[in-house]
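**Student:** give me the fold of what follows.
(one chain, ligands or ions: 1)
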Amino acid sequence: MSGAAPDQALAEALDALGATVRTGGTVLVALDFDGVLSPLQDDPTACRIHEGSRTALERLGAVPTVQVALVSGRSLADLDSRAEVPDGTFLVGSHGAEHGHRVDGALARDALVVPPEASGLLDALRTALAAAVSGTTARLEHKPTSVVLHTRGSDPTEARRLTDHALGLGARDGVDAMRGKDVVELSVLKVTKGDALALLRERVGAQGLLYAGDDVTDERAFATLGPEDVTVKVGPGATAARFRVQDPDAVAVLLAHLADATS
Ligand SMILES: O=P(O)(O)OC[C@H]1O[C@H](O[C@H]2O[C@H](CO)[C@@H](O)[C@H](O)[C@H]2O)[C@H](O)[C@@H](O)[C@@H]1O
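**Tutor:** As a prediction, the model looks like this:
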């Protein structure tokens, strides 16, 4: 495998999670998708899970007291279509708005309730953003509870103008604006990955937790996790996480190390 090995402090934290599993404790292994399990791409539809991570998650998913979860900003359907994860994996999409899990080779979704006033607001946001990006190189992505402005690859001046416009729309009542890497997401539900992780932790009764993420919305999650949790920032930039690895190649090595530590 081509990624860098975890540094000593992270390796020790992974070994401690492995020891928890070997003594019968439950460990939640939760991962962001873009920038963590897949390298970032100009075209979001080109992203696939890293082969090394896919293999390691297969191994981890086979351990009875390891619970694997993907916690992503992508819509649940989009995440499911490219994740290639084993049965039993929890999938959280749209930054925590959509929940499901893999069972019998398919996605089982939890019900998603969007109040009518929120649907109306989302339609208005979609219309306003569509008018703003018309004739530009920026793109829109539509999710069940949000619309996303993508400016990766756009002219920087145009990207700034559209970003400011989207953030202006995001200041409206009932809208949660989230900035990410060359994206502004306008959601009509107030959700966070931190809340999603808290729910999952309770649902599986985890004694140990690992979460790896690379983006602004992952910082929201890191900030809610405890000092004993193994939080891993992927890539450069300020972070509230305890540990850092360089890139998705290093994530694959980290997950393989954890899989080894559980057996
Ligand atoms: O929480 P994540 O799994 O990291 O999802 C966050 C967003 O990921 C995608 O956008 C990002 O990745 C794209 C593909 O590499 C890249 O082109 C874009 O610039 C990035 O922001 C996805 O398209 C969004 O819906 C997710 O919210």
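**Student:** near the spatially closest residue to Gly88 that is not a sequence neighbour, how many other residues are there?
**Tutor:** Nearest residue to Gly88 in three dimensions, chain neighbours excluded: Gly61, at 5.7 Å (C-beta to C-beta, 6 or more residues apart in numbering). (Each C-beta comes from the backbone N, C-alpha and C, glycine too.) When neighbours are counted by other C-beta atoms under 10 Å, Gly61 registers 18.
**Student:** the one 4 residues further on now?
**Tutor:** For Thr65, the number of neighbouring residues by other C-beta under 10 Å comes to 18.
**Student:** just the pLDDT at it, thanks.
**Tutor:** Looking at Thr65, its pLDDT is 97.
**Student:** how about the contacts made by it?
**Tutor:** Val21, Gly24, Gly25, Thr26, Val27 (C-beta atoms under 8 Å, 6 or more residues apart in numbering).
**Student:** among the residues you listed, which lie within strands?
**Tutor:** The strands, defined by DSSP state E, take in Val27 from the contacts of Thr65.
**Student:** for the contacts of Thr65, could you give me TSV that also reports neighbour count and pLDDT?
**Tutor:** Shown next, in TSV, are the contacts of Thr65 (neighbours: other C-beta atoms under 10 Å; pLDDT from 0 to 100):
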residue	neighbour count	pLDDT
Val21	22	98
Gly24	9	96
Gly25	14	98
Thr26	17	98
Val27	25	98
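**Student:** which of the contacts of Thr65 sits closest to the ligand?
**Tutor:** Checking the contacts of Thr65 against the ligand by C-beta to the nearest ligand atom gives Val27 as the nearest, at 21.0 Å.
**Student:** from Thr20, how far out is the closest one?
**Tutor:** Val27 sits 6 Å away from Thr20, going by C-beta to C-beta, to the nearest Å.
**Student:** sorry, back to before: can you check the pLDDT for the residue nearest to Gly88?
**Tutor:** Among the per-residue scores, Gly61 holds a pLDDT of 97.
**Student:** again with Asp123
**Tutor:** pLDDT at Asp123 comes out at 97.
**Student:** check which helix or strand it maps to.
**Tutor:** Using DSSP states H and E, Asp123 sits in helix 116-133.
**Student:** and the next element down the chain from that helix?
**Tutor:** Next helix or strand after helix 116-133 toward the C-terminus (DSSP H and E): strand 139-143.
**Student:** what sits against Gln41?
**Tutor:** Cys47.
**Student:** may I have the phi/psi pair for it?
**Tutor:** Backbone torsions of Gln41, given as degrees, to the nearest 10, read phi -140, psi 150.
**Student:** residues in contact with Met178?
**Tutor:** Gly73, His95, Val184, Glu185, Ser187, Val216, Thr217 are the contacts of Met178 under C-beta under 8 Å, 6+ apart.
**Student:** how does the chain divide into domains?
**Tutor:** Annotated domains of the chain cover 8-112+191-261, 116-187 [automatic domain parsing].
**Student:** just name the most buried of those.
**Tutor:** domain 8-112+191-261 (a mean of 19; mean count of other C-beta atoms under 10 Å).
**Student:** so does it get close to the ligand?
**Tutor:** Yes - using C-beta under 6 Å from any ligand atom, we find that domain 8-112+191-261 touches the ligand at 32-35, 40-42, 44, 47, 72-74, 215, 217.
**Student:** need the distance between the two termini of that domain.
**Tutor:** This stretch, domain 8-112+191-261, spans 14 Å end to end (C-alpha to C-alpha, to the nearest Å).
**Student:** I am finished for the moment; much appreciated.
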